[in-house]
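> Have a look at this prediction, sequence included:
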Amino acid sequence: MRITQLSSFAPSFLTGLLVALMMLAVFPQLRTSHQTAPEPNHSRLPDDGLSSSISYSEAVSKAGPSVVNIYARGVKILEKKQRWDPQFGTLTVVKKKPYEALGSGVIMREDGVILTNYHLLAGAGDVAVMLNDGREAPVSLIGIDVEADLAVLKLEMQKVKPIEIAVSKKAMIGDVVLAIGNPHGVGQTVTHGIISAKEVTDVNSKNPLQSYLQTDAAINQGNSGGALIDHRGRLLGINTFIDRNLGSVSFAIPSDRAIQTMEEILAGRGWLGFNAISVAPQMAKKHNLPVGLLIRKISPNGPADVSKLVPGDIITAIDQAPIVDPQTSMTHIAKSEPGTVIELTVWRQGRFSRITTEVGARPN
């Protein structure tokens, strides 16, 4: 009985097998219809730049040789007191302290001109520089701008590489920046961040009109005077200080302004000898004052002092040009050659007057 059933099933089985083989011959794609789909070949995917890691090594390699380490030694005056001595009369007692400072600088020209921060050199007697490649050389001080916190040095060495300059006013908030310097004397290092704000003022008590680039790239002790560069290795600013009260916010002098100051120091700058803050339209309206430059301090025996300007005066115009942008007006004075006579329109206790003064040479 079982043999009869098997023999009747065999012709049907053979017929089905023959039909299946014919279908595979006619439609070969059926052979893979139930196979597992192949793994995608990621190596052939187009490179959209997102999957690859981002590196700024080229920018650092380009700018690094133009950033130097600065070592300064000197004596700082901590305190001055006067006391009466029966034998010698009035004596001035000066309390001093020896100090050493570490910082950074940026090579700006092939002839060895270096820009750095003035506060690194205040009171320094000896200053030395070490290049990126380990070479050491003495430097000479060309000039300073205390209010801008900038100093110009001259490196006594040949074959130095100046940094490439970017136009800092074209930088945008959110642009990537790198800070190169010598933090804590450990050698040249790089920190990374973005531009957080532009044209930040009122953060430097010695010069409230000075504007800065604000960044979250760390600028620690020793980074001062170093380079803030863009992603192409071009100078955007001179790293100056960090305000830890604001959460480690760092500030750099924009390259446009730093270069202008450097050129003025090299050429000889005009100077009136006063420290001022801006009276902006909003402040002027609130306090019923004119827009202009409010004098806070007068340098003894300077041009402003000789011309009888006093703290509290507000300069509203220079050579009859109204003061709209305080920084531009200060630049106009700085670019004036010593000996140039200019006319100031001055507001004092509710009255306007015109005062003629002669531009002096900024003391170094």
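Received it, and whenever you're ready, just let me know what you need.
> distance between stretch 112-132 and the chain's centre?
Chain-centre distance of stretch 112-132: 17 Å, with Cα atoms, centre = their mean, to the nearest Å.
> no no, stretch 316-324
In this view, stretch 316-324 has its centroid 30 Å away from the chain centroid, taken as Cα atoms, centre = their mean.
> In contact with the closest residue to residue 66 other than its chain neighbours, which residues?
Nearest residue to residue 66 in three dimensions, chain neighbours excluded: residue 163, at 3.6 Å (Cβ to Cβ, 6 or more residues apart in numbering). C-beta coordinates here come from the backbone N, C-alpha and C atoms, glycine included. Shown in contact with residue 163 (Cβ atoms under 8 Å, 6 or more residues apart in numbering): 63, 66, 67, 106, 107, 108, 227, 229, 234, 235.
> again, only using 7 Å
Residues near residue 163 by Cβ atoms under 7 Å, 6 or more residues apart in numbering: 63, 66, 106, 107, 108, 227, 235.
> Helix, strand, or coil at it?
Classification of residue 163 by DSSP: H, G, I helix; E, B strand; the rest coil places it in coil.
> Repeat that for residue 305.
helix.
> Residue 295 is in contact with that one, correct?
No - the pair residue 305 / residue 295 is not scored as a contact, 10.8 Å apart, by Cβ atoms under 7 Å.
> The two: which is more packed in?
residue 295 (21 against 16; other Cβ atoms under 10 Å).
> surely the more buried one meets residue 277?
No - when contacts are counted by Cβ under 7 Å, residue 295 is not listed as touching residue 277 (8.7 Å).
> Of all the residues in stretch 156-169, which ones are buried?
160, 162, 163, 166, 168 (16 or more other Cβ atoms under 10 Å).
> Return the residues in contact with the residue nearest to the last one when sequence neighbours are not counted.
To tie it back to what came earlier, the one meant is residue 168. The shortest distance from residue 168 to any residue other than its chain neighbours is 3.8 Å, reached at residue 254 (Cβ to Cβ, 6+ apart). When contacts are counted by Cβ under 7 Å, 6+ apart, residue 254 touches 168, 211, 213, 237.
> one step back: with respect to residue 355, which of the contacts of residue 163 is nearest?
residue 108 (36.8 Å; Cβ to Cβ).
> And for the closest one, the neighbour number?
23.
> Check residue 252 too.
Counted with other Cβ under 10 Å, residue 252 comes out at 28.
> That one pairs with what?
Beta-bridge pairing for residue 252 (DSSP bridges): residue 213, residue 239.
> any idea of the pLDDT on it?
Residue 252 carries a pLDDT value of 92.
> For it, give me its contacts.
Neighbours of residue 252 in contact, by Cβ under 7 Å, 6+ apart: 212, 213, 215, 228, 237, 238, 239, 240.
> Rebuild the residues you listed as CSV, extending it with neighbour count, distance to residue 361 and pLDDT.
CSV is the format used below for the contacts of residue 252 (neighbours: other Cβ atoms under 10 Å; distance: Cβ to Cβ, whole Å; pLDDT from 0 to 100):
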residue, neighbour count, distance to residue 361, pLDDT
212, 22, 27, 90
213, 28, 30, 91
215, 28, 34, 91
228, 34, 30, 95
237, 29, 27, 94
238, 31, 24, 95
239, 32, 29, 93
240, 28, 25, 90
